[in-house]
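*Asks:* 3D, please:
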Amino acid sequence: MMDARTHNETTVGKKTGVLVRPCTRVWLALVGLTLAMLVVGEMGLSGGIVVTLLLVATLLKTRLVADRFMGLRQSRLLWRMIVTVYLVVVIGLIGLAWWLGNL
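*Replies:* Next up is the predicted model:
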């Protein structure tokens with residue numbers, strides 16, 4: 001008989017015995033980051049630090065999706081680096097556009 005953890009499941013709490021798959025944890029992290037970004041937007045916060053934090057959160061969310069849901073975690077390093085460099089360039093250009101617009 002198969003162990004319940006053979007399909008990448010991990011135990012959250014030893015006493016509760018609740019099993020949460022890693023993709024569920026990633027999904028919860030994505031929801032949390034999205035809600036945090038929504039709160040920042042609704043509060044009307046602005047400035048360089050806020051924009052930088054939002055862009056870093058966007059980079060983190062995109063990496064999580066690429067690694068877990070697109071399967072890049074099991075890919076060769078070359079493909080992961082190509083995607084990472086692309087994301088850093090695009091997010092960097094967005095940050096640069098914001099910065100130039102505020103000169």
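*Asks:* buried ones in stretch 75-88?
*Replies:* Using 16 or more other CB atoms under 10 Å as the test for burial, stretch 75-88 gives 80, 83, 87. To be clear about C-beta, it is placed using only N, CA and C from the backbone, and glycine gets the same treatment.
*Asks:* Which of those sits closest to residue 102?
*Replies:* Set against residue 102, the nearest of the buried residues of stretch 75-88 by CB to CB is residue 87 (22.9 Å).
*Asks:* what's the helix or strand for the residue most central in space within the chain?
*Replies:* Residue closest to the average C-alpha location in the chain (CA atoms, centre = their mean): residue 61, at 2.0 Å. Assigned by DSSP states H and E, residue 61 belongs to helix 48-64.
*Asks:* Mind exporting the C-alpha coordinates of that helix to CSV?
*Replies:* In CSV, the C-alpha atoms belonging to helix 48-64 read as follows (Å, rounded to 0.1, in the frame of the first residue of the first chain):
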residue,chain,number,x,y,z
GLY,A,48,9.9,54.3,-4.7
ILE,A,49,10.0,51.8,-1.8
VAL,A,50,6.4,50.8,-2.4
VAL,A,51,6.9,50.4,-6.1
THR,A,52,10.1,48.3,-5.5
LEU,A,53,8.2,46.1,-3.0
LEU,A,54,5.4,45.6,-5.5
LEU,A,55,7.9,44.7,-8.3
VAL,A,56,9.7,42.3,-6.1
ALA,A,57,6.4,40.7,-5.1
THR,A,58,5.6,40.4,-8.8
LEU,A,59,8.9,38.7,-9.5
LEU,A,60,8.4,36.3,-6.6
LYS,A,61,4.9,35.4,-7.7
THR,A,62,6.1,34.8,-11.3
ARG,A,63,8.9,32.6,-10.1
LEU,A,64,6.6,30.6,-7.9
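*Asks:* residues of that helix that come out buried?
*Replies:* 51, 54, 57-59, 61-64.
*Asks:* which residues are contacting that helix?
*Replies:* 26, 29-30, 33-34, 36-37, 40, 84, 87-88, 91, 94-95, 98-99, 102 (CB atoms under 8 Å, 6 or more residues apart in numbering).
*Asks:* downstream neighbour of it in the secondary structure list?
*Replies:* helix 77-101.
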